[in-house]
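K.L.:
pasting a predicted model and its sequence here:
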Amino acid sequence: MAEQGSGGNVIAAICNIFFPGLGQLVQGRIMAAIFFAIAIIISYALVYALVGFVLVPIVYLWAIIDAARFKSRV
């Protein structure tokens with residue numbers, strides 16, 4: 001996954017549509033994947049407090065954009 005917009009980043013961004021953090025896991029970024037997975041679980045839990053209706057789309061979009069813009073430091 002060489003640069004922003006590479007094929008690997010596009011696949012990772014598409015994986016995030018199914019579950020936030022999955023794309024980061026595909027990229028090999030374990031800590032980011034755990035963060036996004038926990039964030040979406042907490043957001044869904046907060047839906048009952050009416051805050052989650054705003055947080056869920058934000059977390060989804062954040063995870064997708066994060067995977068699409070990732071640049072490896074190798």
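P.N.:
Thanks, I have it. Quick caveat, the model's predicted, so the values are computed rather than measured.

K.L.:
use CA for all of it now, contacts and neighbours both
P.N.:
OK.

K.L.:
so which residues of this protein form helices?
P.N.:
Secondary structure of the chain by DSSP state H: the helices cover 7-18, 22-26, 30-45, 52-68.

K.L.:
and the ones you listed, which is most packed in?
P.N.:
Compared across those, helix 22-26 shows the largest average neighbour count, a mean of 24 (mean count of other C-alpha atoms under 10 Å).

K.L.:
which residues sit against that helix?
P.N.:
With contact meaning C-alpha atoms under 8 Å, 6 or more residues apart in numbering, helix 22-26 is reached by 11-16, 30, 32-33, 63-64, 67.

K.L.:
kindly recompute the last result at 10 Å.
P.N.:
8-17, 28-37, 63-64, 66-68, 70 (C-alpha atoms under 10 Å, 6 or more residues apart in numbering).

K.L.:
ramachandran angles for residue 20?
P.N.:
phi -60, psi 130 (degrees, to the nearest 10).

K.L.:
ok, it - contacts?
P.N.:
13-14, 32-41, 56, 59-64, 67.

K.L.:
equivalent analysis for residue 42, please.
P.N.:
So residue 42 contacts 36, 52, 55-56 (C-alpha under 10 Å, 6+ apart).

K.L.:
could you check how far the residue located most distally from the centre of the chain is from residue 43?
P.N.:
Distance from the centre of the chain peaks at residue 49, with 22.8 Å (C-alpha atoms, centre = their mean). For residue 49, the distance to residue 43 equals 10 Å [C-alpha to C-alpha, to the nearest Å].
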